[in-house]
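A.B. asks: test case, fold it:
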Amino acid sequence: MKLTLRVDQGDGPIEVTTNLFTIVAWERKFKTKASAMAQGIGMEDLAFMAHTALMQNGIVCPVSLDDFIKKLVTLEVTEQMSENPTVETPTDTD
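C.D. replies: Sure, this is the predicted structure:
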């Protein structure tokens, strides 16, 4: 699963996309599985993923997650993509 997150630390919004590293780091930190996201995800989870993705992409943000959260003006999911998209097969209508 990939999430595109819009993050504003007070300097204007930027978008960052999570990747496998981000999701695995989240699983390790919160001791859960990515499949648990289907039941809902909290703001701390989103903040952690945004923080990890920003740092991984070399975008300046506070090193401490708590300091990052204190600095956030907005944080929202703009897109959610499955790693394994479902492909519909054509049906025979004859």
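
A.B. asks: now the strands for the chain?
C.D. replies: According to DSSP state E, the chain carries its strands in the segments 2-8, 13-17, 74-81.

A.B. asks: Ile23 is nearest to which of those strands?
C.D. replies: Closest of these to Ile23 is strand 2-8, at 8.3 Å (criterion: Cβ to Cβ). Yep, even glycine has a C-beta here, placed from its N, CA and C like the rest.

A.B. asks: show me where this protein has its helices.
C.D. replies: 20-30, 43-56, 65-71 (DSSP state H).

A.B. asks: tell me which of the ones you listed is the most buried.
C.D. replies: Greatest average neighbour count among these goes to helix 43-56 (a mean of 19), per mean count of other Cβ atoms under 10 Å.

A.B. asks: and the angle from it to strand 2-8?
C.D. replies: 90 degrees (axes from the mean of the first three to the mean of the last three Cα atoms, to 10 degrees).

A.B. asks: where does the protein have low pLDDT?
C.D. replies: The model of the chain has pLDDT under 70 over residues 82-94.

A.B. asks: ok, now which ones touch Thr78?
C.D. replies: 4-6, 15 (Cβ atoms under 8 Å, 6 or more residues apart in numbering).

A.B. asks: Val16 pairs with what?
C.D. replies: Note on Val16: beta-bridge partners by DSSP bridges are Leu5.

A.B. asks: so it sits right up against Lys2, yeah?
C.D. replies: No - counting by Cβ atoms under 8 Å, Val16 does not reach Lys2; the two are 10.7 Å apart.
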